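**Q** Structure of the sequence below:
(one chain, ligands or ions: 1)
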Amino acid sequence: MMVLPKLLYLFQTIPIIKGIKIFKEWQKAFSRYVWEGKKPRIKFKFLTDIKERGGFSLPDMRLYYEAACLCWIKEWVKLENKELLDLEGFNNRYGWHAYLWSDKKKVHKGFTNHIFRGALIEVWDRYKNILEPKIPHWLSPLEMRCIKTINMRGKWGNYGEMVVKEGGKWKIKPYEQVKALTYDWLNYFQINEMFKKELKERNYEEKESIFQKEIINNEYKNLSKMYKILLEWHMKEEEVKPVMGKWARDLGYTIKLEDWERLWKENIKFTACTLLRENTMKMFYRWYLSPTKLAKMYKVDNKCWKCKSKEGTFFHQWWECNKVRSFWEEVYNELKKMLKYTFVKKPEALLLGIIGKDKSAQRLAPTITQ
Ligand SMILES: [Zn+2]
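**A** Numbers count the residues shown, from 1 in each chain. Next up, the predicted model:
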């Protein structure tokens, strides 16, 4: 997609979008383009899913924007690039972590009035509890407590360095061990108290969070990794797509998720021909309009076009109808002759190319679908 890099450039350099209204409008425009102005036949969310899960990898602009914002916030988390932080937080009153973690932006309204900071922190708030449900390892209690001045020190000790698990409980390490990070006794006791209080409220993260591992401690491909994390979360409830249920109802049994996944991951790659791939996806998503559907839309006859006696449901048109049956019979017999291999004549094999686990059958799957 040609526009994506251009948009990503803008998202990464001027993060100023507040609210999510504009993304809905963009999504509508995308949808209009994809479906050429006609009524969509596949839910937008499924178009944006990754190909390995049966999606079409259509970029979701909102998630890309949010991913870009969260990658920007990485600098506020890391506290390393002092020049950048002084420039961006020229009138900050508290440390960056205070705004990120302890809601100091409510006390200091000026923080969100800044055109970049306001938009960025809005995205952070949307995902904060998802990305960091417990106290994160990167959080620096000292920075959180400090009053911000220009050109402050760049290295701040964080919980990851200060906390230790003792007898199943999280604790701040003894003073001698964290002396260099806490600077003096007073700080040490304050941190101790703060940690105890927070531990009660939110608990401490056992291991570094995905956000920390993939984004904060990682230099490469941050944006696409962040996008993947957000997309994953976004798709969590949609693991079983409604069309799978429809297939199960028609077939009278459920196709295992791993079989579907094999279809998307391997079987569909049998050809470089986009037309054939398109056919498989259209069949999976039951893209075709059956007489039953047309009857609901236009008040026309809902009978099957071929036998003209039974109701023309999707499954009848493709499998159950007697006239179609004889066609599949011919195809099946011909295939057996050609391949010198016998397989069970099942609708999912002939319609979708799902053959099951049999290794030798696996190799034939592509041929059958063609
Ligand atoms: Zn029929």
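**Q** Now do the helix or strand residue 249 falls within: distance to the chain's middle.
**A** Under the criterion of DSSP states H and E, residue 249 resides in helix 242-251. Put simply, helix 242-251 sits 24 Å off its chain's centre (Cα atoms, centre = their mean, to the nearest Å).
**Q** Which neighbouring elements make contact with it?
**A** If you count contacts as 3 or more Cβ pairs under 8 Å, 6 or more residues apart in numbering; DSSP states H and E, helix 242-251 packs onto helix 314-315. Where you see a C-beta, it was placed from the backbone N, CA and C, and this is true even at glycine.
**Q** run the last query once more with 10 Å
**A** On a contact count with 3 or more Cβ pairs under 10 Å, 6 or more residues apart in numbering; DSSP states H and E, helix 242-251 meets helix 257-265, helix 274-284, helix 314-315, helix 347.
**Q** Enumerate the residues of this structure near the ion.
**A** Contact residues, the chain versus the ion (Cβ under 5 Å from the ion): 304, 306, 307, 321.
**Q** Give me the neighbour count for the last one.
**A** Residue neighbour count, defined by other Cβ atoms under 10 Å, stands at 21 for residue 321.
**Q** tell me the domain boundaries of this protein?
**A** Segmentation of the chain into domains, based on automatic domain parsing, reads 3-214, 242-369.
**Q** can those domains go into JSON lines with extra columns for mean pLDDT?
**A** As requested, the domains of the chain are exported to JSON lines (pLDDT from 0 to 100):
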{"stretch": "domain 3-214", "mean pLDDT": "90"}
{"stretch": "domain 242-369", "mean pLDDT": "85"}
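**Q** and residue 239, how many residues sit next to it?
**A** 10.
**Q** who are the neighbours in contact with it?
**A** Contact criterion Cβ atoms under 10 Å, 6 or more residues apart in numbering gives 49, 53, 257 as the residues in contact with residue 239.
**Q** Might one say that the first one is in contact with residue 59?
**A** No: taking Cβ atoms under 10 Å as the contact criterion, residue 49 and residue 59 are not neighbours in contact, 11.5 Å apart.
**Q** Give me the common contacts of the two.
**A** Shared contacts of residue 49 and residue 59, defined by Cβ under 10 Å, 6+ apart, comprise residue 231.
**Q** related to what we said a few turns ago, to residue 234, which of the domains of the chain lies closest?
**A** Distance to residue 234, taken as Cβ to Cβ, is lowest for domain 3-214 among those, at 6.4 Å.
**Q** related to what we said a few turns ago, buried subset of the contacts of residue 239?
**A** Those of the contacts of residue 239 that meet the buried threshold are 49, 53, by 16 or more other Cβ atoms under 10 Å.
**Q** does residue 164 count as helix, strand or coil?
**A** Following DSSP: H, G, I helix; E, B strand; the rest coil, we place residue 164 in the strand state.
**Q** end-to-end on stretch 101-110?
**A** Distance between the boundary residues of stretch 101-110 (Cα to Cα, to the nearest Å) amounts to 17 Å.
**Q** Which parts of the stretch 1-150 of the chain are helices?
**A** 3-13, 21-34, 44-48, 61-78, 82-88, 96-101, 110-113, 115-131, 141-145 (DSSP state H, counting those that start in this stretch).
**Q** Make CSV out of those and add distance to residue 354 and mean neighbour count.
**A** Shown next, in CSV, are the helices of the stretch 1-150 of the chain (distance: least, Cβ to Cβ, whole Å; neighbours: other Cβ atoms under 10 Å):
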stretch, distance to residue 354, mean neighbour count
helix 3-13, 32, 13
helix 21-34, 26, 13
helix 44-48, 18, 18
helix 61-78, 30, 22
helix 82-88, 52, 14
helix 96-101, 47, 24
helix 110-113, 52, 15
helix 115-131, 34, 17
helix 141-145, 54, 21
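**Q** Right, I'll call it a day here.
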